[in-house]
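Chemist: take a look and give me a structure for this.
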Amino acid sequence: MADTSDTRTPAQIEADIRRRREVLAETLDEIGVRVHPKTVVGDAKAKVVAHVDHTVGRAYVQVNRAVSEVKARFTDEEGAPRLERVVPVAMVVVGVVGLLALGARRRRD
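Modeler: The predicted structure follows:
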């Protein structure tokens, strides 16, 4: 059977009740802040920003890797352009730009 005798004085009991009320009040205040709409919205925004930052970071890494791979194909180990690869690509680009300009000119006439 449990011991029901309390050897504390009334002042000790009141002090204990006061401490427990303070702890309970702090806990309720904290819960109130956590469920406040501004806090909920702020937390949601922070999660979205973190997700976007993570996604942008991953995209940056992938783009950087792709650029490095393309650069490696068109330059040698010393960084000089490989003309046997650059010239054909440049000719294709000039041809495409020329065709686009010709098409735009025909539409205006």
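Chemist: and His36, how many neighbours?
Modeler: Using other Cβ atoms under 10 Å, His36 has 11 other residues around it. Any C-beta I mention is one placed from the backbone N, CA and C, and that applies to glycine too.
Chemist: mind starting the numbering at 203 from now?
Modeler: Okay, using 203 as the starting number, the last item reads as His238.
Chemist: all helices of this structure, in order?
Modeler: With DSSP state H as the criterion, the chain has helices at 212-237, 239-276, 285-310.
Chemist: quick check: angle from the second one to helix 212-237?
Modeler: When you say that, I think you mean helix 239-276. Calculated by axes from the mean of the first three to the mean of the last three Cα atoms, to 10 degrees, helix 239-276 forms an angle of 50 degrees with helix 212-237.
Chemist: buried ones in helix 239-276?
Modeler: Within helix 239-276, no residue is scored as buried using 16 or more other Cβ atoms under 10 Å.
Chemist: quick one: it to helix 285-310, angle?
Modeler: Helix 239-276 and helix 285-310 meet at an angle of 120 degrees, taking the same axes, to 10 degrees as the criterion.
Chemist: any idea how far Lys273 lies from Asp245?
Modeler: 42 Å (Cβ to Cβ, to the nearest Å).
Chemist: try Ala252
Modeler: For Ala252, the distance to Asp245 - Cβ to Cβ - is 11 Å.
Chemist: how about Arg222?
Modeler: 29 Å.
Chemist: same check on Arg236?
Modeler: Taken as Cβ to Cβ, the span from Arg236 to Asp245 is 9 Å.
Chemist: with Gly259 instead?
Modeler: 21 Å.
Chemist: gap between the helix or strand of the chain with the lowest mean pLDDT and the chain center?
Modeler: Sorting the helices and strands of the chain by mean pLDDT, DSSP states H and E puts helix 285-310 at the bottom, at a mean of 91. Here helix 285-310 shows a centroid-to-chain-centroid distance of 39 Å under the convention Cα atoms, centre = their mean, to the nearest Å.
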